[in-house]
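1. Pasted the sequence and its predicted model underneath.
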Amino acid sequence: MIPSEEYMLSLIGNRFPGGKRTIDRWENYLLTDCTTSPQLADGLVHPIALFHIPIQGVQTSIAELFEIGRVEGAGSVGLDGYDWEFFQPIREGVEYSCEGQILEVERLYTDSGSMYDRFVFAIELSDQEGELAARATCFWRLRRGKVEH
Amino acid sequence: MNIEVGNEIPSLDIPSVDPQRMKTMAALLRDPYPIHWDAEGNEQMGIKGKVVNQGPLNLSYVVNMLMNWQGQDCIRRLTVRFTGWVLGGDTLTAHGTVISVDNANDELLAKCEVWLERDGERLLEGEAVVAITD
């Protein structure tokens, strides 16, 4: 069932619960291995952690974001892009505070008439001194299929 | 090494995207989306027998290229668009070109056009800001 545009627009500004997240050695090791890169030095976390660490750090999940956006099934979610800013290196063993919100939602149509919702959320990570460490903005496409409009 | 506008970043080849790594990645991300591990279930998307690589892994090949070039803590910003699926078994190459060089916050920063391609088709493209350390 396609969620109403009113419901989707009501998501704008909703804040995630927020919380803290520490990246362990084992998960950075496996993450880095997935990228085919050699392991990084000095406890540096592979930069692509800026996808899942912020999501988990604000106490949500990919599954919950799918529920919030009311999408399910293969092909229902597309990844449009990222804007990731790094203000300091992200390191293993550091407890980061994570805060974020849903920034934008917009109902749009492709040239072929398929409806989708552009869904944008942003999460900031701060270190133990309260200094901003990174900001991750993610742009998703929640596909609704071909509909009359 | 003197970095100038127009310089090409040494490219990075990915000979074959490994579906097994997608499974580990799905577990790390706690990603329930089956397109990354259920090859048979992808029939309805017209790619039966294939799995779709996670977006962060697509980006990782570009990131690894940049880290090979200017060091492991060189990345300051990544702004990218995903323009196509990467599938298990794909052969890819990450590329980049310097489009500007500026001083900011006591750092020399290179803004670079970056992209990931398969047989000349761009599957990811965007910009990266990289601290010049070399």
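-> That came through fine. Since the model is a prediction, treat every value here as computed from it, not as a measurement.
2. all helices of chain B, in order?
-> With DSSP state H as the criterion, chain B has helices at B:19-29, B:55-70.
3. got the CA coordinates for the top helix by length along chain A in PDB?
-> Across chain A, the helix with the greatest residue count (assigned by DSSP H) is helix A:25-34. Extracted C-alpha coordinates of helix A:25-34, given in PDB (Å, rounded to 0.1, in the frame of the first residue of the first chain):
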ATOM      1  CA  ARG A  25      38.400  -3.400  16.000                       C
ATOM      2  CA  TRP A  26      36.700  -6.600  14.800                       C
ATOM      3  CA  GLU A  27      34.000  -4.800  12.900                       C
ATOM      4  CA  ASN A  28      36.400  -2.300  11.300                       C
ATOM      5  CA  TYR A  29      38.600  -5.300  10.300                       C
ATOM      6  CA  LEU A  30      35.800  -7.100   8.600                       C
ATOM      7  CA  LEU A  31      34.400  -3.800   7.000                       C
ATOM      8  CA  THR A  32      37.900  -3.000   5.600                       C
ATOM      9  CA  ASP A  33      38.300  -6.500   4.300                       C
ATOM     10  CA  CYS A  34      34.900  -6.200   2.500                       C
END
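4. Just the buried positions in it, please.
-> A:27-28, A:31-32, A:34 (16 or more other CB atoms under 10 Å in any protein chain shown). C-beta coordinates here come from the backbone N, C-alpha and C atoms, glycine included.
5. repeat for stretch A:122-129
-> By neighbour count with 16+ other CB under 10 Å, stretch A:122-129 contains the buried residues A:122-127.
6. Stretch B:72-89 now?
-> B:72-80, B:82, B:85-88.
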